[in-house]
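>>> after the sequence you'll find the predicted model.
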Amino acid sequence: MSETVVVVVPDADILASTVAARLTIRIIDAQAVHGTASVVLTGGRVAAKVLRQLRELPAAAAIDWSRVDLWWGDERFLPAGDPDRNETQAREAVLDALPLDPARVHPMPATDGPDGDDPDVAAARYAAELTAGGRPLRFDVLMLGVGEDGHVASLFPGHPDARATGVTAAVRNSPKPPPTRITLTMDTIRQADEVWLVAAGPDKAGPIGEVLRGGDLPAARAQGVRKTLFLLDEAAASKR
Ligand SMILES: O=C1O[C@H](COP(=O)(O)O)[C@@H](O)[C@H](O)[C@H]1O
């Protein structure tokens, strides 16, 4: 039975530092239990703040970064290095400064990658990477930002691609730019041990309130196998 916990802290800066601290401990604990840790990163403003905080956290020195697998929950389908790519933002925030094993860093394909600008083939390539060698879809922690409309990853409310099945999906005509994206499906998100929904600011209060009241938004269906954690600042939690 999955547990849902709501944590509210005063503001976005404190949220970023507490999420970074939780992530650090979660990775250390996962490595103690099974040697490695698998983390799914999200894009968006609060995610970048969380990653930047990792740079400042003394406890992060206890992580063996060479045994961390990094995946992404969604990606804006743009050329490699584009500043709007979630990967680029994560690299700039902290990844480029960490002693990661490049073979364990798994960005979603870019439009100038091996499949060109075909998002279906790129999404299929990522699904194959996720399941390579019969690897089970299991993540220690999967972080998600929450859009003003209640989207998570690139699963937008009412959008047909949000109902995609399989491991990953290509998204076209996204209501939020850029229009073409790659995303984990909801089925894949729900394979994570822990799902963390991280939201800050008054613009997130409406969807967060709706989700916590059991509304029918993608963010309401994003639940972990063991735990679903809402990590909010007071503004985002103000319409609970
Ligand atoms: O486009 C995206 O937006 C959401 C939310 O971003 P935010 O800046 O409002 O926090 C993000 O979770 C997603 O990964 C990203 O592709």
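Arrived safely.
>>> Asp216 and Pro177: what is the separation?
Between Asp216 and Pro177 the distance is 25 Å, computed by CB to CB, to the nearest Å. All C-beta atoms are positioned from the backbone trio N, CA, C, and that covers glycine.
>>> centroid residue for this structure?
In the chain, the centroid-proximal residue (CA atoms, centre = their mean) is Thr42; its distance is 2.8 Å.
>>> what's the pLDDT at it?
With respect to pLDDT, Thr42 scores 98.
>>> next one: Asp115
Note for Asp115: predicted pLDDT of 89.
>>> can you report phi and psi for it?
The phi and psi values for Asp115, taken as degrees, to the nearest 10, are phi -100, psi 10.
>>> for it, which non-adjacent residue is closest in space?
With CB to CB, 6 or more residues apart in numbering as the criterion, Asp115 has its nearest non-adjacent residue at 4.0 Å, and that residue is Val121.
>>> got phi/psi on the one you found?
Val121 adopts backbone torsions of phi -70, psi -40, taken as degrees, to the nearest 10.
>>> what's the burial count for Asn173?
Residues within reach of Asn173, counting by other CB atoms under 10 Å, total 11.
>>> the one 3 residues further on now?
Burial of Lys176, expressed as a neighbour count using other CB under 10 Å, amounts to 13.
>>> so after the top helix by length along the chain, what's the next helix or strand?
Taking DSSP state H as the criterion, the chain has its longest helix at helix 12-34. Counting by DSSP states H and E, the next helix or strand C-terminal to helix 12-34 is strand 37-41.
>>> next one: that following strand to chain centre, how far?
Centroid separation for strand 37-41 versus its chain: 8 Å, with CA atoms, centre = their mean, to the nearest Å.
>>> ok, what's across the strand from Gly145?
Val198 (DSSP bridges).
>>> check contacts around it.
The contact partners of Gly145, by CB atoms under 8 Å, 6 or more residues apart in numbering, come to 42-47, 152, 198-199.
>>> and those, which two are furthest apart?
Using CB to CB, these span at most 14.6 Å, a distance reached by Arg45 and Val152.
>>> looking at these two, which one has more neighbours?
Remark: of Arg45 and Val152, Val152 carries more neighbours, 32 against 13, as counted by other CB under 10 Å.
>>> once you drop chain neighbours, what's closest to that one?
Leu144 (4.3 Å).
>>> quick one: that neighbour and Leu197 touch, right?
Yes. The pair Leu144 / Leu197 is scored as a contact, 5.2 Å apart, by CB atoms under 8 Å.
>>> identify the contacts common to these two.
In contact with both Leu144 and Leu197: 152, 219, 222, using CB under 8 Å, 6+ apart.
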